[in-house]
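> Sequence first, predicted model second:
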Amino acid sequence: MRIIIGFLSLFIFCFACQGDQTGANGPVTGTVNMNGRLQEDTKASTRATADQALILRMGEATIDKGEIACLPVVSQDFRNLIGFQFTMRWDSTQLEFQNVRNFGLPGYGPANFGDRFASSGYLSTLWTEATLEGKNIPDGTTLFEVCLKNKAGSGAEVPVRFTDGPTTFEIIAADMGQWKLRFSNGLIRGN
């Protein structure tokens with residue numbers, strides 16, 4: 001039920017999910033450490049009805065001030081799922097949202113993102129599988145890339161975090177069981 005309400009909220013808030021992508025050399029695509037330490041949101045985990053978890057890993061990049069980095073969000077254990085939702089956050093004084101791109105999940109695209117508050121450092125997303133029969137995708141699939149412009153100086157390290165709000169973590173399987181979300185956050189470093 002929350003996924004349906006979340007979808008309506010995203011539909012209302014998604015006005016310009018594709019931003020301007022400029023730069024002399026184009027955006028830099030971040031790299032993902034598939035062996036990095038995972039976190040789990042304890043608040044979301046108490047709502048989970050199953051021990052299974054979807055794993056999301058976000059990339060990292062090192063760029064100069066004024067350049068754009070696109071951080072991949074890669075999934076593991078995406079099995080028999082019918083929906084997910086979550087929010088990403090960053091320091092909006094140091095990073096500026098540009099767009100989302102490179103979608104690897106059928107039925108998932110810019111319209112699945114609510115960017116109304118992206119200028120304040122919040123980007124929410126929601127996906128539902130149209131047939132409600134459950135979707136499987138191979139481990140290591142890039143769900144999407146989030147592209148951000150670096151406004152910070154040399155040596156700055158600005159995390160891009162998965163967060164349980166304002167759109168809460170929710171992962172739903174075809175049997176209607178709610179899974180946990182395990183994740184590793186992204187990072188943009190100033191060159």
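Here it is on my side, so go on.

> OK, contacts around the closest residue in space to Leu187 that isn't next to it in sequence?
Excluding the flanking residues, the one nearest Leu187 by Cβ to Cβ, 6 or more residues apart in numbering is Glu60, at 4.3 Å. For the C-beta atoms, the positions are set from N, CA and C on the backbone; glycine is no exception. Contacts for Glu60 (Cβ atoms under 8 Å, 6 or more residues apart in numbering) come out as 30-33, 71, 186-189.

> and which of these is nearest Asp41?
Gly186 (15.8 Å; Cβ to Cβ).

> how far away is the closest one from Leu148?
Using Cβ to Cβ, to the nearest Å, Gly186 is found at 9 Å from Leu148.

> which neighbours do these two share?
71, 160.

> which of those two has more neighbours?
Ranked by neighbour count (other Cβ atoms under 10 Å), Gly186 and Leu148 place Leu148 first, with 31 against 25.

> re the thing from before, beta-bridge partners for the residue nearest to Leu187, please?
Beta-bridge partners recorded for Glu60 (DSSP bridges): Thr31, Leu187.

> What separation do you get for it and Cys70?
12 Å.

> anything in contact with each of the two?
Here Glu60 and Cys70 have Gly30 as joint contacts, going by Cβ under 8 Å, 6+ apart.

> mind listing what Val146 touches?
Val146 is in contact with 58, 70-71, 73, 88, 97, 100, 123, 160, 186, counting by Cβ under 8 Å, 6+ apart.

> thinking again about what came up before, could you redo the contacts of Glu60 as a markdown table and give each row distance to Asp164?
Formatted as a markdown table, those follow (distance: Cβ to Cβ, whole Å):
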| residue | distance to Asp164 |
| --- | --- |
| Gly30 | 23 |
| Thr31 | 26 |
| Val32 | 21 |
| Asn33 | 22 |
| Leu71 | 19 |
| Gly186 | 16 |
| Leu187 | 19 |
| Ile188 | 22 |
| Arg189 | 25 |
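
> Make a PyMOL selection of the buried ones in those.
Of the contacts of Glu60, the buried ones go into a single PyMOL selection, burial set by 16 or more other Cβ atoms under 10 Å:
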select buried, resi 30+32+71+186+187+188+189
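
> Export the contacts of Glu60 as JSON lines, with columns for distance to Arg116 and pLDDT.
Putting these into JSON lines (distance: Cβ to Cβ, whole Å; pLDDT from 0 to 100) gives the following:
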{"residue": "Gly30", "distance to Arg116": "24", "pLDDT": "97"}
{"residue": "Thr31", "distance to Arg116": "30", "pLDDT": "96"}
{"residue": "Val32", "distance to Arg116": "27", "pLDDT": "97"}
{"residue": "Asn33", "distance to Arg116": "31", "pLDDT": "95"}
{"residue": "Leu71", "distance to Arg116": "20", "pLDDT": "98"}
{"residue": "Gly186", "distance to Arg116": "21", "pLDDT": "98"}
{"residue": "Leu187", "distance to Arg116": "25", "pLDDT": "98"}
{"residue": "Ile188", "distance to Arg116": "22", "pLDDT": "98"}
{"residue": "Arg189", "distance to Arg116": "28", "pLDDT": "97"}
